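Novice: model this:
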Amino acid sequence: GRKRRMQGILGTLACAVAVTAGSARPHIVLMIVDELGTGDVPWADPTIHAPTIAQLGAEGLRLGTQYAWQWCAPTRGSLLSGRFPMHTGYTGGGMPGDGEGMDLQVPLLPAELKRMGYATHMLGKWHLGFRTIDNIPVSRGFDTFFGLLAGGADHYTKTLEACGGDGEKCTCANYSSTTLPFRVDFFDGTEPAKTLWDTTTYDAYQYSARAVEVVQAHDVTKPFFLYWAPHKVHSPLQAAPEFLSHYPLDPNHVCTSTPETCSGRGYGTGSGGCGCDLMCYCNRRIVKGMMSAVDAMVYNLTQALQAKDMWSNTVFIMLGDNGAPNNNAGANTVFKGMKFSHWEGGHRVPAFIGGPAVSSQLAGQWYNNTVHLVDLHATVIDLAGGVAAQPSGVAPVDGVSLVGVLNGSIKLSEPVRTELWIADDVLRQDQWKLISGAGAGRESCMLGIGGRPVAAANDPNNLTTTCGTLSCHDKQLSPIDAEICYGCKCVSYNLTDPSCRPCLYDVVSDPGEFTNLASQNPERVAAMFARVLELQKGTVTPNYPPSDATAACAAMVAAGGFYVPWAKPPPPPSVLTPQDVAGNYTMDGTFRIELAVGPQDPSSGNFSVSFPGCPSCCWTDAAGTGTVFPTGGGALTVEAQGAKCDSPRMCSGTLAGGGAGDPVQIQWDCTCHDPPTSCGAMGESAWVKQA
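Specialist: Numbers count the residues shown, from 1 in each chain. Sure thing, here's the model as predicted:
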């Protein structure tokens, strides 16, 4: 009944056509696979049974130097916003009870595409916060959503995965339940997916069925966008038997039905637990099975698009969200490190742009220049006929479109960017990568296939190098291990401090980051370090509401054991006409913005403005005046007079209030960045309409 047969073989794809300016806007599928390492795709590991993905990758353009954030939530925010996590402020959270989430003033990709006439759909993992109904996917631009709101769940029961020491937030320990549903993360549109929930169906079947339904129901007069974020191959490691059947058991290894664990540290046989080689073998088999499930979902989607006569005009983009957790049997090929680390194994992910709407001349080609998530956002906007560098939101858009690479106007040998701000303290310029700062060494002691392999004496097949970890507390560390665990930090952010030891690597000739060249290139280190400090001036720090795990758990229990938004959104604003708000305004009290934008993007719901009278102002006069007047499209522009200071700020907000002659209340949400698109200020202030 509910389980639809998922095939594992892709039929012949339609003949590819070039992506060119002026052609019909393509349908776009953007798939981000959870915890997919560079070694977890079939072109890196031919033993992985994923023929659909293998063919799409082979017939498309593979991106050989694709960067992401080092863990999943900020990656998703960056991909959908087109901004580095440092420019959105979203570098964590998104779990039940968290106040942190993607800033509602940051426009997201689905809303941009929807304004351009696209039908927008989402399947899978959200992880951008769900504190209120305003934070969920259908409130951020998606027409439909089916998936999980937080960061991970059991692939059968859909029960939220435990999150470490977060206690009440993830366990709801103050409530007791001996039966399911309890702590279930399974959502459909604006409500829990109660009628679709069970504990025995492998979720790949449910997501695949919904993907087919969405395609079948699509109005073909509109372009189609699907953002699919399966939470495979994320833990818990679970693969349905039919997908594991692609990987016959080695008679030399006996695997249980559940993932193996290593209770001991290091690379030998863990005391009281299985050997690390067994963990690697058994868990790696499950990871491969999960990847086969992803492949089957992709196959069913392509078949549905073909049946709807949409496939021939489809661009299909796939990427991973962060480096694989190789202590959980993921693989990062030649790269040192894993998820959470600033080594290449934490940030480098597999990616390709394929589908029939991509030029067949790109088949089998690699683009090995530096690419970031934000560039894929810009590429999607560009493919859809929009302007990738749109100015709305709390910070500049950081992406560079790859459409020129796709249509041949940019050669495969030509970079679209020569600098990439990978993370707060990590910068790449050309082939050089600098790792520095207070947090650069966090989780850095993880090793992978291409980190410095350390095989256990009782492991002749060297299997531990695919998933082993090295404890930074081990008594004996070689020099390179000591660098991995304790080096590359600069807590003081002062290069003259002897404890400040940033690392410099040539990641083109040394992708495994074996050789620290910092001491040989002090001038380059100094210049790149100075650039990092300059970039950090533009870091955004959102003013999140407080977290409330108790309220989230109570809302879950009240919803019958399903996670739902737990806080009420602010009341909706009054809708004002330009006639209501035209006139002179002066500073007085505080007020809230909910409408009105500048003329550059009148439909965005966001605008930039300069104003006086608050702490750390760019404008020095404490009670200056401003004028609000209508512009094209019913949008509004706010201007104020004053003297600029040396610290540029940017303010974003919307306008709400009563009718003509009534006070207009606005609260400004202000964040710094360089370079500014306008000058504003931090803090709160007010414009009150003059009589």
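Novice: can I assume residue 322 is in contact with residue 346?
Specialist: Yes: taking Cβ atoms under 8 Å as the contact criterion, residue 322 and residue 346 are neighbours in contact, 6.6 Å apart. All C-beta spots, glycine's among them, are computed from the backbone N, C-alpha and C.
Novice: ok but residue 434 is inside a helix, no?
Specialist: No: secondary structure of residue 434 (DSSP: H, G, I helix; E, B strand; the rest coil): strand, not part of a helix.
Novice: Can you give me the neighbour number for it?
Specialist: 26 (other Cβ atoms under 10 Å).
Novice: That one touches residue 504, doesn't it?
Specialist: Yes: in this structure, residue 434 is within contact of residue 504 by Cβ under 8 Å, at 5.5 Å.
Novice: Report the set of residues contacting both of these two.
Specialist: Residues touching both residue 434 and residue 504 (Cβ atoms under 8 Å, 6 or more residues apart in numbering) are 525, 528.
Novice: Quick check: phi and psi on residue 207?
Specialist: When read as degrees, to the nearest 10, the backbone of residue 207 gives phi -70, psi -40.
Novice: Phi and psi next, for the nearest residue to it once chain neighbours are set aside.
Specialist: Leaving aside its sequence neighbours, residue 207 sits nearest to residue 123 (Cβ to Cβ, 6 or more residues apart in numbering; 5.3 Å). Per-residue torsions, residue 123: phi -130, psi 140 (degrees, to the nearest 10).
Novice: swap in the one 10 residues further on?
Specialist: Listed backbone geometry of residue 133 is phi -60, psi -20, with angles given as degrees, to the nearest 10.
Novice: For the spatially closest residue to it that is not a sequence neighbour, the count of nearby residues, please.
Specialist: Leaving aside its chain neighbours, residue 133 sits nearest to residue 565 (5.1 Å; criterion: Cβ to Cβ, 6+ apart). Close neighbours of residue 565, defined as other Cβ under 10 Å, add up to 22.
Novice: same question, residue 346
Specialist: 32.
Novice: C-alpha coordinates for whichever strand or helix holds it, PDB please?
Specialist: Using DSSP states H and E, residue 346 maps to helix 344-347. Taking Å, rounded to 0.1, in the frame of the first residue of the first chain, the C-alpha atoms of helix 344-347 are listed here in PDB:
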ATOM      1  CA  GLU A 344      39.300  20.200   4.700                       C
ATOM      2  CA  GLY A 345      37.500  17.000   5.900                       C
ATOM      3  CA  GLY A 346      35.100  19.200   7.900                       C
ATOM      4  CA  HIS A 347      34.300  21.700   5.100                       C
END
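Novice: So which elements touch it?
Specialist: Identification of packing neighbours for helix 344-347 by 3 or more Cβ pairs under 8 Å, 6 or more residues apart in numbering; DSSP states H and E yields no helix or strand.
Novice: following that helix, which helix or strand shows up next?
Specialist: Next along the chain from helix 344-347, counting by DSSP H and E, comes strand 348-349.
Novice: ok so, going back, can you check the pLDDT for the residue nearest to residue 207?
Specialist: We note a pLDDT of 98 for residue 123 in this prediction.
Novice: Tell me where the stretch 351-500 of the chain has strands.
Specialist: 351-354, 365-367, 371-372, 419-423, 426-429, 432-435 (DSSP state E, counting those that start in this stretch).
Novice: If anything else comes up later, I'll come back, but that's it for now.
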